[in-house]
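Participant: turn this into a structure:
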Amino acid sequence: MRLFLVLLLTASIAGARKEKKPCKVLFTEKELRQRLTPKQYHVTQEKGTERSEKKFDSNSGWPSFFDVVNLEAITLTDDFSYGMHRVETSCSQCGAHLGHVFDDGPRPTGKRYCINSASLNFILEKSGAVEESSSLDVSGKTEL
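Facilitator: Residues are numbered from 1 along each chain as shown. Presented below is the predicted three-dimensional model:
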């Protein structure tokens, strides 16, 4: 019992990360299921994990980044699931789960943002023109 209280107190002290922001865009479950593939829905709405056979330098199997393009676009929240402490990244607009950020990344930030590719919308640049693409689905179900 004493160990549990120490862990609980430690978790609340360590949990000084940002709180979840209220979502600016709300979709019904039906709308989300129409807009997203089953894998995208599982990852972004049920905090699922997308396993990948392609490995990156992080050796985690997830696309990894050392910084964000726009810090206002994501929300950082403490995640104590699975008996460990992680920091969840989610969309500031709709609350979709994106992945997690860790403190073992490369310089200059020391951060490793492990982001599920099912939550990403890739943009290809061709001859100065920008074209949207998704690595997972060609049905157009790529954006929330």
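
Participant: and P108, how many residues sit next to it?
Facilitator: For P108, the count of nearby residues is 8 (other Cβ atoms under 10 Å). Where C-beta positions appear, they are placed from N, C-alpha and C, glycine not excepted.

Participant: could you find the closest non-adjacent residue to it?
Facilitator: Excluding the flanking residues, the one nearest P108 by Cβ to Cβ, 6 or more residues apart in numbering is F66, at 7.4 Å.

Participant: what's near enough to touch that neighbour?
Facilitator: 105-113 (Cβ atoms under 8 Å, 6 or more residues apart in numbering).

Participant: separation between it and A96?
Facilitator: F66 sits 22 Å away from A96, taking Cβ to Cβ, to the nearest Å as the criterion.

Participant: ditto for S117
Facilitator: The value you get for S117 to A96, if Cβ to Cβ is used, is 13 Å.

Participant: name the residue in the two with the higher neighbour count.
Facilitator: Each of S117 and A96 has its neighbours counted (other Cβ under 10 Å); A96 has more, 23 against 19.

Participant: my read: that one touches Q45, true?
Facilitator: Yes - counting by Cβ atoms under 8 Å, A96 touches Q45, with 6.7 Å between them.

Participant: about what we covered before: any shared contact partners between S117 and A96?
Facilitator: With Cβ under 8 Å, 6+ apart, S117 and A96 have no common neighbours.

Participant: for stretch 74-91, give the mean pLDDT please.
Facilitator: Averaged over stretch 74-91, pLDDT sits at 95.

Participant: now do the buried residues in it.
Facilitator: Across stretch 74-91, burial judged by 16 or more other Cβ atoms under 10 Å covers 74-79, 86-91.
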